[in-house]
Structure formats: C-alpha cells, structure tokens
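# Provided below are the primary sequence and the corresponding predicted coordinates.
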Amino acid sequence: MTSEKSWDYVIVGAGSAGCVIANRLSADPDCSVLLIEAGGRDRNPLFRLPMLMGRLFHSGIYNWRYHTEPVPALDGRSLYWPRGKVLGGSSTINGMVYVRGNRHDYDRWAQMGLSGWSYDEVLPAFLRSEAHVQRADAYHNGTGELTVCRARGTNPLYDLFIEAGRQAGHPVNDDFNGAEQEGCGRYDFTIRRGKRWSTSFAFLRPVRRRRNLSVATDTLTRRVLVENGRATGVEIARDGRLLRVHAAREVILCGGTVNSPQILMLSGIGPPEELARHGIEVVHDLPGVGRNLQDHVDCVLSFECRKPVTLYRHLRADRLALSVARGMVFGEGVMTTFPYEAGAFLKTRPDLIAPDVQLHFMPALEKTANLHFPNPFRRAAAVEAVHGLAIRVGPLVAESRGTITLRSADPAEPPRIQPNYLERDADRKTMIAGVRIVRDIMGQPALAAYRGRELAPGEDVRTDEVIAAWLRSAAMTTFHPVGTCKMGIDPMAVVDARLKVHGIEGLRIADASVMPVITSGNTNAPAIMIGEKAAEFLRGEQQARS
C-alpha cells in the first residue's frame, strides 16, 4: 500500500452536500481540498432533460441501485432504492423538486438541543445557495449558485387539480417555501433554462479549475483512518490499487444516508455488536450509527382520464425524438418539465400545527412517468385505457424507524437496508387519512369532466381495513432516506450540532444522514443547506485558528 500527499480537507462523496462544501472550502486559496466520488462524471447530456428522470432512476448509470431487505409491514416486499453514484450524487438523478420543509421541522431540531438549527438560523443557509429565477422576497435569493424556478408545465390539469383542492376546502399556496407551507399549488424545481441543475453543475463545475481543489472520481472509500482518536485520512480503492490519502485538518463524510454509516462501521466506528458480527475491530463505540433511518413512504392513487389531454400524448415514439431535440437545443417543450409538477401539503386533522401529508399530482399514469413509450403503428386504444391521472400521497413525519447495517466487511458489498415502513400504527392511520383526502379532491367539480374510473386502489377499497391491506401491497418509498448518523446530545446521537462525530477528532458528517427527524417534504434542498452549514462551521473554525 502506498501513500499519496496530504490535503487540508478530504471530502468523501460529491453529492448534494459534498459539492457545496468543496466549493466553499476551496474559495480559500490557502487550503487544499480533495473531493472523492465513488461514481463517475456526469457527462451524459440526455440525462439533463428533466422528463428523463424516470429513466435515470431505473438505469444502472449514475446509480447504486440498492434494494431493501424484505419489509415486514409491506407483505415482505423488497423495495428498489436508487441512490446517486456520480458527481452531484442524487441531485443528478432525482425529481429536482425544491422543497425546504416546514418551519416547525427546524424549530423542533433546535428544541432537541441543537443550537444553530432553528428555522430562522437555517434560512440564511438556504438563501446563500439559491438563485431563484422569478421569486424575490424575504424567503428567496436570486444570486446564489443553485438555480431554482417555478414549474414550467402548461398542461391544464395541473391548475384544475389545484382548483379541486380549493373546492375541497384547502388553501391555495403559490410558494411552498414561503411564509406558509400548507395548501395546494405547484412546486419549484432546480431546473436552469430547461435543463437539470444538479449540485455538480451549480457548485462544482464553475470551480473545477481552482488549483487547490482535486476531484477523484471512480474512487471507492473503504474506511476512515483513525489514529489516537483522530481521523487522519481515508483508505481508498482506485484503478485496482489501495491508497491512503491524508487530511491535515479534517475528513468530512458526505456519502449520504446509506453510505456514511456504512463507511463509519467499516472504519470500526459504530455499534460493537454489529462490528463484531463482521470481524471489524472496534475503534469507537457509537451505538447510533446506522439507526434512526427514516423515509417518506407513499402510495399512488390512479384514475382514468376521459379526455386525451395527459402527458401520454407527448410521448408517442414518433414524437419523442423531436421533443428531445427541442429540449436539448432550445431548452423548451415537455421534455424540460417534470411530470409531478402540482401537489399539496395538507393536514389530516384541523388541530395539527403543520401539514402531515404531502401530495404529488401528475396528469398521466405511473408507466408514463417512467417513459413507457406508445407505439404509433399499433391501433389506438380507448382514451381511458392509456390516459390517466396519478396522485402520490404519504405522511410527512414518519414514526417508523429502520436501520442500515453491514452485509459484510467488504466495502464493495451493499449494506443491508431495513426501512421498516408502516411499522408504526400512526403512519398507517395517516396514510389512510391521506387516501381519503385525495379521493375528496378528485371528486370535486373542477375535475368532473376529466375524471374516470378509479384504477387504484379501486372503488371497492373503502374501509380502513381494506385500505390498509392495499397499502401493504402497494406502498413504496418516496426516495427521501435520512437520519442514520443523527445530530443530537442523547446517547444514540452520532454527531453534535456542529456535525462533529462524537468521540472522534477531525471527523465530520454533512448529508441527509444527520437529520434527527425527517423534514416535511422532498429532502434535496435540506441536504444542500446542511452542506452550507458544514462549510460555515469549517470556515469559521479555521478563521478562529488563524
């Protein structure tokens, strides 16, 4: 084994937070930064088209393609878990929905003893990154690196869904990231001129020429090196060789909710009983590593559409090439939009302080979202057979908790993922209430001319017991895993409020794994904010030392 030179900071994972931290730290020409990514470069231009997100999620390109262990409360089903394996991480393959979460999420973190993480304290970090194309007020910034824009789709069904929500008694909300989250409206997206704007494009590409920033792709981090209670670097595998790289100041893990706890455990940092099962020497007893796994679980209600106005009409094979070309060259057209553009944050009970369910509405069926292309030469099917509406609904704050554990001591082996979806009765009840809310909205006059037969779960699925049985067979992930290296001051906490790993000097974690409680909504924007906070802590501490 050979050794390479030392950097001041070694960042493991070029995902949503890692790219932000690399940008901010390398702005100081007097500090050197190494950014390590297990995946490759984000070179495929087609995958920058927002509508192709469905293909990205199911492709092996840019993707770890994880699968969970059989989930007991979901009839023992194993669910597919796509995670980004590329510069930009999951921001390169996700749905690009920009949702910060609810004010109460962060205030709850602060009430748990996490100084610096209240809503008023994290809002400046959100603003620092944001470059909103249209919005300009106290909740938005136009000068950051991360381009954010309003929904771009022109399909009339989006506005009809929002009107149906209003008719059902829910507020209409023009900005889910503004003063209030509750209501029906359209999402904002990290899309720039019709193209996906990942953290790689926003934060990394503009600074790649900095002499003090090195980026190593196709490089697997095997473990953190710890000497006398301090992280001194990492062991990596690259081009068939094992190498050690050294960090003079700190190692920052940004591997995400799956890989950060995996790397810690491979390094001997974690629950002793878990390490012993795989013959790994205990470097530091930290029982919370890999615990506290949370995710948003949801289900899809689908309906026939009685008029041929859904997204299906755009994806016929003879029209697709033109749509792709128009999107690539001009940044215009249906391929530059994301199918789930409308949605809602709603309360299942009026006494709640904040919304507890989220909806995503798409004027198409799920197979259309995954680009199931119709054949133009086949005889046309009835309108109701191909045109449809889909609404995803699920709890915002999950009570169920899962785990990430090792499959073996081999870093190339994927870990075991057990999310324990719907383990808690509260989650099941919230989902059932969410199903009833969706049905109420879909039954409003605004959608009467378009709404056909309910396809899933079906019009005969009515009682709580029957809906619960359907959920066991149909519920799925919303792809928002968090929490496996949580911040906190309790015995199961992995990092403190400044993201430092308890009991290990020179080691920090900055990604969605540090969330003590999941945020209310899509989790990419909060992960970017966590990257901003980490960079703020690191630069502040360095300035204090100088």
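Sure thing, it's come through. Numbering: from 1, shown residues only.
# dump the residue contacts of residue 477.
Remark: with contacts taken as CB atoms under 8 Å, 6 or more residues apart in numbering, residue 477 is in contact with 79, 81, 295, 296, 297, 298, 419, 421. Bear in mind the C-beta positions are built from the backbone N, C-alpha and C, glycine included.
# sorry, that was for residue 346
Counted by CB under 8 Å, 6+ apart, residue 346 has contacts 170, 182, 183, 184, 355, 356, 357, 358, 359, 434, 437.
# Could you list which of these belong to strands?
183, 184, 357, 358, 359 (DSSP state E).
# Out of those, which comes closest to residue 528?
If you rank the ones in strands among the contacts of residue 346 by distance to residue 528 using CB to CB, residue 358 comes first, at 19.0 Å.
# Turn the contacts of residue 346 into a markdown table, including pLDDT, distance to residue 304 and neighbour count.
Output for those, formatted as a markdown table (pLDDT from 0 to 100; distance: CB to CB, whole Å; neighbours: other CB atoms under 10 Å):
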| residue | pLDDT | distance to residue 304 | neighbour count |
| --- | --- | --- | --- |
| 170 | 98 | 24 | 22 |
| 182 | 98 | 30 | 16 |
| 183 | 98 | 27 | 20 |
| 184 | 98 | 22 | 24 |
| 355 | 98 | 28 | 24 |
| 356 | 98 | 29 | 20 |
| 357 | 98 | 24 | 23 |
| 358 | 98 | 24 | 25 |
| 359 | 98 | 19 | 25 |
| 434 | 98 | 21 | 25 |
| 437 | 98 | 20 | 21 |
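# Quick check: mean pLDDT of the longest strand along the chain?
What stands out as the longest strand in the chain, according to DSSP E, is strand 241-253. Averaged over strand 241-253, pLDDT sits at 97.
# Can you report how many residues lie near residue 40?
15 (other CB atoms under 10 Å).
# wait, residue 150
Neighbour number of residue 150 under other CB under 10 Å is 16.
# Strands of the stretch 401-546 of the chain, start to end?
403-405, 416-418, 451-456, 476-477, 507-509 (DSSP state E, counting those that start in this stretch).
# quick one, phi/psi of the closest residue in space to residue 313 that isn't next to it in sequence?
Excluding the flanking residues, the one nearest residue 313 by CB to CB, 6 or more residues apart in numbering is residue 387, at 7.6 Å. Per-residue torsions, residue 387: phi -100, psi 130 (degrees, to the nearest 10).
# can I get the contacts of residue 346 in TSV with distance to residue 222?
Listed next are the contacts of residue 346 as TSV, based on distance: CB to CB, whole Å:
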residue	distance to residue 222
170	50
182	46
183	47
184	47
355	42
356	41
357	41
358	37
359	42
434	42
437	47
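# ok, of the residues you listed, which one's closest to residue 493?
Among those, and counting by CB to CB, the member closest to residue 493 is residue 356, at 25.3 Å.
# Could you measure from the closest one over to residue 520?
Using CB to CB, to the nearest Å, we find residue 356 at a distance of 8 Å from residue 520.
# list residues touching both of the two?
By CB under 8 Å, 6+ apart, the residues touching both residue 356 and residue 520 are 396, 397.
# residues touching residue 513, list them.
255, 256, 257, 260, 261, 482, 483, 484, 485, 486, 494.
# Please report the distance of it from residue 522.
16 Å.
# can you give me the end-to-end distance of stretch 127-146?
Terminal residues of stretch 127-146 are spaced 10 Å apart (CA to CA, to the nearest Å).
# Could you list the buried residues of it?
127-132, 135, 139-141, 144-146 (16 or more other CB atoms under 10 Å).
# hmm, back to that, any idea which helix or strand comes after the longest strand of the chain?
helix 256-266 (DSSP states H and E).
# which helices and strands does that next one pack with?
With contacts defined as 3 or more CB pairs under 8 Å, 6 or more residues apart in numbering; DSSP states H and E, helix 256-266 has these neighbours: strand 220-227, strand 241-253, strand 403-405.
# Please name whichever of the ones you listed is nearest to residue 291.
Using CB to CB, those put strand 403-405 closest to residue 291, at 5.8 Å.
# ok, back up a step: save the helices and strands packed on helix 256-266 as TSV, and put in distance to residue 545 too.
Shown next, in TSV, are those (distance: least, CB to CB, whole Å):
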stretch	distance to residue 545
strand 220-227	21
strand 241-253	9
strand 403-405	34
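# Go through those strands and pick out the most buried.
strand 403-405 (a mean of 23; mean count of other CB atoms under 10 Å).
# Would you mark the buried spots in stretch 312-327?
Here stretch 312-327 shows 312, 313, 314, 315, 320, 323, 324, 326, 327 as buried, counting by 16+ other CB under 10 Å.
# what's the answer for stretch 199-211, then?
Those would be 199, 200, 201, 202, 203, 204, 205, 207, for stretch 199-211 by 16+ other CB under 10 Å.
# Please apply the same query to stretch 410-421.
Buried residues in stretch 410-421 (16+ other CB under 10 Å): 411, 414, 415, 416, 417, 418, 419, 420, 421.
# now swap in stretch 463-476 and tell me
Neighbour-count burial for stretch 463-476 [16+ other CB under 10 Å]: 467, 468, 470, 471, 472, 474, 475, 476.
# burial of the residue nearest to residue 400 when sequence neighbours are not counted, as a residue count?
Nearest non-adjacent residue to residue 400, counting by CB to CB, 6+ apart: residue 423, 4.1 Å away. As a burial measure, residue 423 scores 19 neighbours (other CB under 10 Å).
# Was I right to think residue 423 contacts residue 72?
Yes: counting by CB atoms under 8 Å, residue 423 does reach residue 72; the two are 7.3 Å apart.
# Who are the packing partners of the longest helix anywhere in the chain?
Longest helix in the chain by number of residues (criterion: DSSP state H): helix 524-545. In terms of contacts (3+ CB pairs under 8 Å, 6+ apart), helix 524-545 is packed against helix 16-26, strand 97-98, helix 119-129, strand 241-253, strand 507-509.
# No further queries at this time; thank you.
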